[in-house]
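J.: need a 3D model of the sequence below.
(one chain, ligands or ions: 2)
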Amino acid sequence: MHETAQIITSYGRRYIVRTNDKRTYEASTRSKRSDFACGDWVSIDILNDEQAVIEDVQPRQSLLYRQDAYKSKLIAANVTQLLIVVAASPTPSEALLQRALIAAEAAQINAVILLNKTDLPGTEYWRERLSFYTELGYNVIELSAQQDVRHLLPVLWNHTNILLGQSGMGKSTITNALLGDDRARTADISTALDSGKHTTTHAQLYDLDEETQLIDSPGLQEFGLHHLAPEKLPCYFPDLHPLMGQCRFHNCTHRAEPDCAFKAAAEKGEIHWERLALLQKITDELMQ
Ligand SMILES: Nc1nc2c(ncn2[C@@H]2O[C@H](COP(=O)(O)OP(=O)(O)OP(=O)(O)O)[C@@H](O)[C@H]2O)c(=O)[nH]1
Ligand SMILES: [Zn+2]
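T.: Ligands and ions are numbered 1, 2, ... in the order given. As a prediction, this is how the structure comes out:
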């Protein structure tokens, strides 16, 4: 029997899928396909009360990648809002934050920055640093997940949200606080399939309410940006985007060329030199 279902978690080539009427199945794929992600809508062939086979994936609204030493892997599909979690401790990587914002822009996903652990003394430094991202137009929300997360609910509402960030930033603590008791129930399935490990090792989708979903994901070292075209990169920088097409040369690399609008803007203080440097650094990475 064929049906439509959503992947709510994945373990290598094994998945848990959930139908619209909330039945869950352990699902495998045909011919060792593994290009499915948490959040994907798939057509399944139901084998029995517990098992199904994934036949195909429906067109995705969005797709996010992570990068390890070897290649890009899928993080999640059909996400509409990315919540990037940073906290004063352990020391966050601003490079990861910058890349997450680029990945979100490229995937046309709304990005929100969560500054967690505001109870920690080192928070002030990050509050200052993040004010730049507020200037760029991003919503920066402060919270202490151990104290209260309720003010997040209106921000998350009506989105498929994903929490992303380095290990230890508090993603699972935020998820737990938002879910309350539901978490324990769903976590049982994952721990069973995940050979008893207790840390977040795979993206896992939860319902917050009928309209709102939340994906908790494992700690991330690097974002996958290799699917992006280097010449389109400035589109994903809200501050650089308006300058596109204004250089004398249409293929300007914004380095040594004369009449470069990007360099002119930096000289006038309209954009930060660091942003131009970041654009060039990521361009170089993508050209490798
Ligand atoms: N002081 C303080 N500690 C927090 C807060 N939120 C989370 N923590 C602590 O930070 C540590 C890491 O939290 P987790 O929720 O496991 O972090 P994570 O981002 O899910 O980590 P991974 O699953 O490894 O990616 C835990 O010891 C939490 O108790 C907070 O608001 N304040
Ligand atoms: Zn230029």
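J.: and the residue of the stretch 101-250 of the chain found nearest ligand 2, how many neighbours?
T.: Ligand 2 sits closest to Cys247 of the stretch 101-250 of the chain, with a gap of 3.3 Å, by C-beta to the ion. For every residue, glycine as well, the C-beta is placed using N, CA and C. For Cys247, the count of nearby residues is 19 (other C-beta atoms under 10 Å).
J.: tell me the secondary structure at it.
T.: Classification of Cys247 using DSSP: H, G, I helix; E, B strand; the rest coil returns coil.
J.: just the one 4 residues further on next, same as before
T.: Secondary structure, three-state DSSP: Asn251 is coil.
J.: pLDDT value on it, please?
T.: Asn251 is assigned a predicted lDDT (pLDDT) of 91.
J.: cool, and Ala192?
T.: Ala192 carries a pLDDT value of 47.
J.: what of Phe223?
T.: Looking at Phe223, its pLDDT reads 83.
J.: and the residue lying closest to it once chain neighbours are set aside, what element?
T.: In this structure, Phe223 finds its nearest non-sequential neighbour in Arg99, 4.1 Å apart by C-beta to C-beta, 6 or more residues apart in numbering. Secondary structure assignment for Arg99, by DSSP states H and E: helix 94-106.
J.: report all helices and strands that that helix contacts.
T.: strand 81-87, strand 110-116, helix 123-135, helix 273-287 (3 or more C-beta pairs under 8 Å, 6 or more residues apart in numbering; DSSP states H and E).
J.: quick check: what element follows the longest strand seen in the chain along the chain?
T.: Longest strand in the chain, counting residues (DSSP state E): strand 2-11. Next in sequence after strand 2-11, counting helices and strands by DSSP H and E, comes strand 14-19.
J.: mind listing what's buried along the next helix or strand after that next one?
T.: Per DSSP H and E, strand 14-19 leads on to strand 24-29 as the next helix or strand towards the C-terminus. By 16 or more other C-beta atoms under 10 Å, the buried positions in strand 24-29 come out as 24-25, 27, 29.
J.: over to stretch 90-103?
T.: Buried residues in stretch 90-103, counted by 16+ other C-beta under 10 Å: 92, 96-103.
J.: close to ligand 1, is it?
T.: No: if you take C-beta under 6 Å from any ligand atom as the test, stretch 90-103 misses ligand 1, and the best it gets is 8.5 Å.
J.: quick one: residues contacting Leu97.
T.: 84, 86, 113, 133 (C-beta atoms under 8 Å, 6 or more residues apart in numbering).
J.: try 7 Å this time
T.: Going by C-beta atoms under 7 Å, 6 or more residues apart in numbering, Leu97 touches 84, 86.
J.: same question, Ala203
T.: Shown in contact with Ala203 (C-beta under 7 Å, 6+ apart): 9, 38, 75-76, 215, 217.
J.: from Ala261, how far out is the nearest residue to Ala111 once chain neighbours are set aside?
T.: Spatial nearest neighbour of Ala111, chain neighbours left out: Ala104 (3.8 Å); criterion: C-beta to C-beta, 6+ apart. Using C-beta to C-beta, to the nearest Å, Ala104 is found at 25 Å from Ala261.
J.: one more: Ile16?
T.: Distance from Ile16 to Ala261, counting by C-beta to C-beta: 50 Å.
J.: much appreciated, bye for now.
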